[in-house]
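A.B. asks: Predicted model, plus sequence, below.
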Amino acid sequence: MSENGHVPSHIAIIMDGNGRWARRRGLLRILGHKEGVESVREITRECAKKNLKQLTLYAFSQENWKRPKREINLLMKLLKEFLIKERKEIEENNIRLTAIGRIDGLPEDIQRELAISIEESKYNTGMVLCLALNYGGRSEIVDAAKDIVKRVKAGKMSLEEITEETFKNFLYTSEMPDPDLLIRTGGEMRVSNFLLWEISYTEIWVTPICWPEFRKEHLEEAIKDYAHRERRFGGLRE
Ligand code: IPE
Ligand code: IPE
Ligand code: MG
């Protein structure tokens, strides 16, 4: 632990750079995604070992449907394999799996495997592993606004009851704490529509390391950097 000893309890990761990692090696992009699954395994295990409360992984954005069909199909195949293969590991590490995003827009077989993994792990008391799938931060806010309007129209909620706290209850992440630390691999300095509401005061750490080569020493580096940050939330230094 570092000087001021802040330890993040919720880490969110934009797992980027799979394609570039592969291309640099003269490989097909999909092999970068394949290798990326190994990083997901290692980092999940590591975070669970550290007793993190939550790890949220950006696995597929709403905008990723713009990619070639072939790449999308292969990504979905990898996701399905991951869900099936990791059940044992999830159980052994007492992990509770959850998902955020427009889940009903995913292929049916993925929805089915996801539902099984969520159901099987729902009583686990360790780290929450949250997969952002078909996720878009703006859609999340729009969906919340629609639900609120429905309630107001039905007379179940008043205008005065709409506050930052109650709004949060309508987000996909209603049950989750906001991330303390957001990691982006692949070097891009942007949030790409990820957790727009939730990262208002999240500390951001970007590394040029691509996701397939991201290992526990890089995670340590991010956590160490976070420990030295001074989170003021708009206030002044204590
Ligand atoms: C991230 O890697 C994985 C997904 C978005 C699914 P990319 O596929 O975006 O890799 P780069 O950014 O093109 O290198
Ligand atoms: C963000 O990466 C989405 C995921 C990691 C799932 P992208 O590669 O899609 O983001 P952009 O296009 O570089 O902003
Ligand atoms: Mg990318």
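C.D. replies: Ah, there it is. Ligands and ions are numbered 1, 2, ... in the order given.
A.B. asks: okay, CA-based contacts and neighbour counts for the rest of this
C.D. replies: OK.
A.B. asks: Quick check: the residue of the chain positioned farthest from its centre vs ligand 1, distance?
C.D. replies: The outermost residue of the chain relative to its centre, with distances by C-alpha atoms, centre = their mean, is G155 at 34.4 Å. Using C-alpha to the nearest ligand atom, to the nearest Å, we find G155 at a distance of 41 Å from ligand 1.
A.B. asks: repeat for E120
C.D. replies: E120 is 25 Å from ligand 1, by C-alpha to the nearest ligand atom.
A.B. asks: thinking again about what came up before, what's the helix or strand for the residue farthest from the centre of the chain?
C.D. replies: Using DSSP states H and E, G155 is not contained in any helix or strand.
A.B. asks: Tell me the confidence at it?
C.D. replies: With respect to pLDDT, G155 has a value of 98.
A.B. asks: same question, Y201
C.D. replies: Looking at Y201, the pLDDT reads 97.
A.B. asks: State the distance from it to ligand 1.
C.D. replies: In terms of C-alpha to the nearest ligand atom, Y201 sits 24 Å off from ligand 1.
A.B. asks: Could you grab the helix/strand/coil label for that residue?
C.D. replies: coil (DSSP: H, G, I helix; E, B strand; the rest coil).
A.B. asks: What values do phi and psi take at it?
C.D. replies: In terms of degrees, to the nearest 10, the main-chain angles of Y201 are phi -120, psi 20.
A.B. asks: same question, W205
C.D. replies: phi -130, psi 120.
A.B. asks: same deal with G101?
C.D. replies: Backbone phi and psi, for G101 under degrees, to the nearest 10, turn out to be phi 120, psi 180.
A.B. asks: wait, isn't it in contact with R138?
C.D. replies: No - the pair G101 / R138 is not scored as a contact, 10.7 Å apart, by C-alpha atoms under 8 Å.
A.B. asks: Pull the contacting residues for G101.
C.D. replies: By C-alpha atoms under 8 Å, 6 or more residues apart in numbering, G101 lies in contact with A132, L133, N134, Y135, G136, E140, Y172.
A.B. asks: Just the pLDDT for it.
C.D. replies: 98.
A.B. asks: In space, what's closest to it - neighbours in sequence excluded?
C.D. replies: Y135 (3.9 Å; C-alpha to C-alpha, 6 or more residues apart in numbering).
A.B. asks: gap between the helix ranked longest in the chain and the chain center?
C.D. replies: Using DSSP state H, we find that the single longest helix of the chain is helix 29-49. Centroid separation for helix 29-49 versus its chain: 13 Å, with C-alpha atoms, centre = their mean, to the nearest Å.
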